[in-house]
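> Sequence plus the predicted model coming up.
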Amino acid sequence: MVIDGSLDETGAYAERAYEADCDEVCLLLEKLKATKDFLHVQSQSLCLDFSGLGDASFEAEVYDLRDGFWAISEVSTAAARGVIEVAAADGKFGELVPTTAEEWGAFGGGRVA
């Protein structure tokens, strides 16, 4: 399930929710670049939140509903896609941001994979 939202020209907030596969979520993420909008993705096991920070990065936050693992970090487009792919495979997140050798900006709780 994807929930995205944005402010319109008048400053009114609009939100919509719908089903999307991994590729569709990645396309939505590309559209999020250089905006102040957000994208929320939720599966039965994981919640992901993305906010656009500029042309090449996002703030990504993950929460694993199974064990309470939580992490947040500024990530590249490639790493954001990696986060989405882990979630699509119902995988587990660990100390490192997917597709990188970098630790999350902050993480805790749960069992680290």
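Received the coordinates, thanks. Numbering: from 1, shown residues only.
> CA atoms for contacts and neighbours, from now on please.
Will do.
> so where's the protein shaky on pLDDT?
For the chain, applying pLDDT under 70 flags the ranges 1, 4-7, 16, 18, 34-36, 111-113.
> again, only this time at 80
Across the chain, residues meeting the criterion (pLDDT under 80) sit at 1-9, 11-18, 28, 31-37, 54-56, 110-113.
> hey, where'd the helices end up in it?
For the chain, helices defined by DSSP state H occupy the ranges 22-32, 77-88.
> Output the last one as CSV, nothing but the C-alphas.
Think helix 77-88. Provided in CSV are the C-alpha atoms of helix 77-88 (Å, rounded to 0.1, in the frame of the first residue of the first chain):
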residue,chain,number,x,y,z
THR,A,77,18.4,7.2,-5.3
ALA,A,78,20.2,3.8,-5.7
ALA,A,79,20.0,3.2,-1.9
ALA,A,80,16.3,4.2,-1.8
ARG,A,81,15.6,1.7,-4.5
GLY,A,82,17.5,-0.9,-2.5
VAL,A,83,15.3,-0.1,0.5
ILE,A,84,12.2,-0.6,-1.6
GLU,A,85,13.6,-3.9,-3.0
VAL,A,86,14.3,-5.2,0.6
ALA,A,87,10.7,-4.3,1.6
ALA,A,88,9.2,-5.9,-1.6
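> Check which helices and strands it sits against.
For helix 77-88, the elements it packs on are helix 22-32, strand 57-64, judged by 3 or more CA pairs under 8 Å, 6 or more residues apart in numbering; DSSP states H and E.
> one step back: and among the helices of the chain, the most buried is which?
helix 77-88 (a mean of 19; mean count of other CA atoms under 10 Å).
> contacts for that one?
Residues from elsewhere that reach helix 77-88 (CA atoms under 8 Å, 6 or more residues apart in numbering): 21-22, 25-26, 30, 43, 46, 56-58, 60, 92-93, 97-100.
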